[in-house]
Every structure is written in structure tokens, then in C-alpha cells.
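**Q** Take a look and give me a structure for this.
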Amino acid sequence: GDRRPQGPEGYAITAIATDLNIPRQTLVLPNGDILVAEGRGSSAPSLKPKDVIAGYLKAKGTTSVPSGNRLTLLRDADGDGNYEGRYIFADNLNAPYGLALVGDTLYVANQDALVRFAYRDGQTEADGPPEKVTDLPSAINHHWTKALTASPDGRFLYVGIGSNSNITERGMTAEVDRAMVWQIDAETGMHKPYATGLRNPTALAIQPGTDVLWAVVNERDELGPDLVPDYLTHVQEGGFYGWPYAYWGPNPDPRVMPSDPEKVKATIKPDYALGSHVAALGLAFSVPEMGSEFAEGVFVGQHGSWNRNPPVGYKVVFIPFRDGKPAGAPIEFMTGFREQDGTTYGRPVGVTVDPRGADGNRLRLRQRLGQRLRVDVLQHLHGDAGMGAQLLDRLGMQGAEAEDMAHCRCASGPRIASRIRACRIEASRGGRTSGSFFSSTLIWAKRGPLPAWMASRSACTSAASRISRASAKPAAFAMPARSTPCRVCVSCIPVSP
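**A** Residues are numbered from 1 along each chain as shown. Okay, here's the model as predicted:
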């Protein structure tokens, strides 16, 4: 097929790397190289029959591709937008996820430890095995991903650590050092809880020009299709965000016994509801070069639900900010990963904005074409819908906040009706359902006139499509786009056959 993601008018999408082994998060290095963390963590054992059923449903959206357990480095040496260089920067890691570069030190959050590599500009392979900074909680690992970011001065690292259950089914002992963000001293590895009660903080970012930490958090299940909303929030040092006792401020969870009224009362209400079960896994602050509509705010990759009917998520959204805070309804930036019949081509994961170019040629190209937004994507078999009015009623939302949440209910009426008008991804037919799939692929979209190297490919669209189907390999090609500068990037994995 000729499936493609969809987005705002004037953007184009093309592949920059394919056949990756479960890409998760990306990091743009100072010279323009891209590091991709590849891997999949361990699964917690089932406790109840419902866990077996949940495991079966989740497995439909996973891939048979083996865990990479590595960092792959991508390089565009001549600045033409084609990442022809591909290197294994480091391997034999343990489900790497979060990435951060502080000066000449590269930090990697494995599922069981925070480690570091020495890094020098232009390096394509690590000099040796990593040095451990500190162990991270890894027993059971119901939530294995470890999000990572660094303070602006590089002194501290922040690691998001998810809970070991949905709602303490394994007992509170299993939740020691869980459902929180750690603050780690980068030099010594000493750490402390920075904020607690965050069930699964899957992505962290520092707001540009400040030292304010932000997170997207996946909330609890089994309170119905419209509860509890996953959320975006700034993270207060010493703050408590409710899990397991309460949600969305001081709303007690009746399943938690014994309750803790003081904890319920102390629960901080998050800044912005993303929708229940959308499974936000990516977070990146935008830059003015992304265009006036996307100049101030954050991009959020929504992995998509596995336990909601109709499903939600499976897209990248933009949350506009005003005066440093979320303001207004979410804007669908990239969609088309799931069809109405349930056929799914990809699941968004990490999001990264590329702030600068590499060498002089690339820098000139960037000045001409603008910034790039990178989005990691994985496969699944669910799709898009919205939140019901029940959520508004249950949580007592009013005014603009209720308007924002009501917008999330638009399953069939996206705020942006225009679509990405360039480039399509052709992928192998080895997936679970019919049609083509984005295949372990990192792609990027550009806003503005296409460079000559891309425009020349538009004439080869049909041939590329035929070659792709015949060889069962992904092909990428482009067609002209319009408007002013900007680029965007995405990566995917096929579902299991």
C-alpha cells in the first residue's frame, strides 16, 4: 500500500533509518548526529486471570523484532537530509530508554541502571563499556522504561521510574522507590525522590530558559474508559501527585485500602489532561522555527490505548503554551497511524526537536528548511477516539479547562483537517493485519519547499512502490509541499506476524 502519516498542510514525511530493533527515544548530538535507543524491557509476571488477558491483548501490539539493546548513531555527512551513515555506537545494553548529553558525557537510562559514556564530537563508537552511575529499581519491572533528562547546569539528572502495578496489587513493598522521579547527582550517583505519586512518568523535559521540570505521566486503569486521564504537568520538587491514593487532585481511588486521607488531601492537580489511556510516551518543547501555530508549546507522542473501546491515542499532538503554561485545546500534529477498522501502522513513542545543524552546509540547509521534530513510533492494533463527558463530570472541570477536555472527544473531527502532502512510507507486508506497515523506521517530515534531492524522487514514486512490494523492504519517496520552513521525524516497528 501507499499509507502515510497525516498532519498539518505543508509538511512532508520520509524515512531516514529503517530496520531498527525497537526504537524508543532519540537524542540529537551537537554535530547533528542522531542517537537512537533500541530495546524492550522485561515483563512483570501475571498475578490474576485479568493479567493473562491483558498480556494477550498487549501482545497483539508488540513486535517479533528482537530487542536491540543498543544505541545506533545516524549521520548525514553532506547535509542533504539523507542519513547515509549508520553506526552501532554501543551495544550489550539492557533495554536503554532515556538519553541525555551533558558536556562530554553521554548518560543512558537502562531498565536497571543509569550509566554513562565518555563522548567526543563526531565519535561514532563508544570507547568501551559504560560506567555505572547508580542502580535503578528493576525488580518485577511492571513499568520498565526509565525516562531521563538533565538540569540546565548538568549537575543533576532526573529519572522517571514507573510503578510496579496498576494499583498496588503486589503490595506496597513492591512499590518502594517506584512511581516517582529521582534526582541524581551526576558526579556521585547519590539520589533522592524529587517528586512522588507519579504512576508512570514516561518522558521528562526541562522547559527552555528555565529550570522547570515537566513530565508526561500514564495513569491507572480499570476505572472505565474515561478515567483516569494521562497528563502533562510541571513537576514540583517534593510534590505528591496522588498515586495510588488519589487521582487528578484530591479524588480518592476507592480501590485503595486502607486509604490515606492526608495523602489524598495533599495530591497536586496536574496541569493538563491528555485523555484517558492515550499512553503518552514522548515530550519535547517546540521552537519558534516550527511556525507560528507550533511556536510555543510541547509535542507529545501518544502511544495509544490497548484497553479502551473505542481506542484513543495513536498520534502526535501539540499542546500550545501561553505565559509558560498549557493553554488551549490540543492540536493533532501527526495522525493516520490507525484506520477506523483497527488496522494499525505505527505507535508514536519519543519526540525530539532538533535545535541546530552540523557542519556549515547542514547549517545553511537548516537555515533554509528550519527545525526538525523527531518522533519514535511503534506498531499496534488499536486507534483513535476521545474522552467522554463522564470525565468532565467526575472531575468537575469548568470553563476553558472543560473546553480543552471536550476537544479530546473529537474522534472523527480532528481540529486540523489538512494533511501531510508529501512523502509516503512503503513497508513490508509481514504484519498481523492486511496492508503495509511502517517497518522499524525513523522518518522525518519537513515544513516548506522540498530540496532538489527530495523533489527529484517524486517522479520515481510508482517505481519505488513496486520495488518496495517486490523486495518486502521499506521505500521512501516525496512529493512537493508548501509553506515556510520546518521538518519532522518518526520511527516504527511492524506488528508480529
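
**Q** correct me, but residue 109 touches residue 138?
**A** No. Under the contact definition of C-beta atoms under 8 Å, residue 109 does not touch residue 138, with a separation of 11.2 Å. For every residue, glycine as well, the C-beta is placed using N, CA and C.

**Q** The two: who's more crowded?
**A** residue 109 (29 against 17; other C-beta atoms under 10 Å).

**Q** what's across from the more buried one in the sheet?
**A** Listed beta-bridge partners, residue 109: residue 98, residue 114 (assigned using DSSP bridges).

**Q** Next one: it from residue 176, what distance?
**A** Shown here: residue 109 relative to residue 176, a distance of 19 Å by C-beta to C-beta, to the nearest Å.

**Q** And residue 158, by the same measure?
**A** Residue 158 sits 19 Å away from residue 176, going by C-beta to C-beta.

**Q** same deal with residue 98?
**A** Look at residue 98 and residue 176: by C-beta to C-beta, they are 21 Å apart.

**Q** the more surrounded of these two?
**A** Each of residue 98 and residue 176 had its neighbours counted (other C-beta under 10 Å), and the higher figure belongs to residue 98 (26 against 9).

**Q** residues contacting residue 135?
**A** Listed by C-beta atoms under 8 Å, 6 or more residues apart in numbering, the contact set of residue 135 reads 112, 113.

**Q** Over to residue 231?
**A** Neighbours of residue 231 in contact, by C-beta under 8 Å, 6+ apart: 216, 217, 219, 248, 270, 271, 272, 273, 274.

**Q** Which elements pack onto the helix or strand harbouring residue 214?
**A** Under DSSP states H and E, the secondary-structure element containing residue 214 is strand 213-217. Taking 3 or more C-beta pairs under 8 Å, 6 or more residues apart in numbering; DSSP states H and E as the contact definition, the neighbouring helices and strands of strand 213-217 are strand 201-206, strand 229-234, strand 280-285.

**Q** how about the helices in this structure?
**A** For the chain, the helices defined by DSSP state H occupy 49-59, 261-266, 360-369, 389-395, 399-407, 452-455, 461-471.

**Q** Would you mind measuring the gap between the ends of stretch 248-267?
**A** For stretch 248-267, the first-to-last residue distance is 8 Å (C-alpha to C-alpha, to the nearest Å).

**Q** again but with stretch 137-155, I slipped
**A** Where stretch 137-155 begins and where it ends lie 22 Å apart, using C-alpha to C-alpha.

**Q** List the buried residues of that stretch.
**A** 137-138, 140-151 (16 or more other C-beta atoms under 10 Å).

**Q** out of these, which are inside strands?
**A** 146, 147, 148, 149, 150 (DSSP state E).

**Q** can you list the helices and strands packed on strand 213-217 in a markdown table and add distance to residue 314 and mean pLDDT?
**A** Putting these into a markdown table (distance: least, C-beta to C-beta, whole Å; pLDDT from 0 to 100) gives the following:
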| stretch | distance to residue 314 | mean pLDDT |
| --- | --- | --- |
| strand 201-206 | 16 | 98 |
| strand 229-234 | 13 | 97 |
| strand 280-285 | 12 | 96 |
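
**Q** what would those look like in a markdown table with distance to residue 73?
**A** Compiled in a markdown table, the helices and strands packed on strand 213-217 are given as follows (distance: least, C-beta to C-beta, whole Å):
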| stretch | distance to residue 73 |
| --- | --- |
| strand 201-206 | 21 |
| strand 229-234 | 30 |
| strand 280-285 | 20 |
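
**Q** any weak-confidence spans in the stretch 351-497 of the chain?
**A** For the stretch 351-497 of the chain, applying pLDDT under 70 flags the ranges 355-497.

**Q** ok, 90 please
**A** Counting by pLDDT under 90, the stretch 351-497 of the chain contains low-confidence ranges at 352-497.

**Q** for the buried residues of stretch 137-155, which one is nearest residue 69?
**A** Distance to residue 69, by C-beta to C-beta, is smallest for residue 144 among the buried residues of stretch 137-155, at 12.6 Å.

**Q** With adjacent residues omitted, what lies nearest to residue 305?
**A** Closest residue in space to residue 305, ignoring its immediate chain neighbours: residue 277 at 3.8 Å, by C-beta to C-beta, 6 or more residues apart in numbering.

**Q** An error on my part: the question was meant for residue 216.
**A** Distance criterion C-beta to C-beta, 6+ apart; nearest residue to residue 216, sequence neighbours excluded, is residue 280 at 4.0 Å.

**Q** Residue 249 now?
**A** In space, not counting the residues next to it along the chain, residue 249 is nearest to residue 269; the distance is 3.5 Å by C-beta to C-beta, 6+ apart.

**Q** do you know how far that neighbour is from residue 78?
**A** With the distance defined as C-beta to C-beta, residue 269 ends up 50 Å from residue 78.

**Q** Kindly report the same for residue 40.
**A** Summarising the geometry, the distance separating residue 40 from residue 78, computed by C-beta to C-beta, is 34 Å.

**Q** out of those two, which sits in the busier spot?
**A** Set side by side, residue 40 and residue 78 give different neighbour counts by other C-beta under 10 Å, the larger being at residue 40 (22 against 15).

**Q** you'd agree the more buried one is up against residue 96?
**A** No. With contact defined as C-beta under 8 Å, residue 40 does not count as touching residue 96 (10.3 Å).

**Q** Can you report how many residues lie near residue 222?
**A** Burial of residue 222 is recorded as 12 neighbouring residues (other C-beta under 10 Å).

**Q** Likewise for residue 213?
**A** Residue 213 has 24 neighbours, counted by other C-beta under 10 Å.

**Q** how about the nearest residue to it, chain neighbours excluded?
**A** For residue 213, ignoring the flanking residues on the chain, the nearest one in space by C-beta to C-beta, 6+ apart is residue 235 at 4.4 Å.

**Q** re the thing from before, looking at the buried residues of stretch 137-155, which two lie furthest apart in space?
**A** 140 and 151 (29.4 Å).

**Q** residue ranges for the strands of the stretch 151-300 of the chain, please.
**A** Taking DSSP state E, counting those that start in this stretch as the criterion, the stretch 151-300 of the chain carries its strands at 156-161, 180-185, 191-196, 201-206, 213-217, 229-234, 246-247, 251-252, 272-276, 280-285, 297-302.
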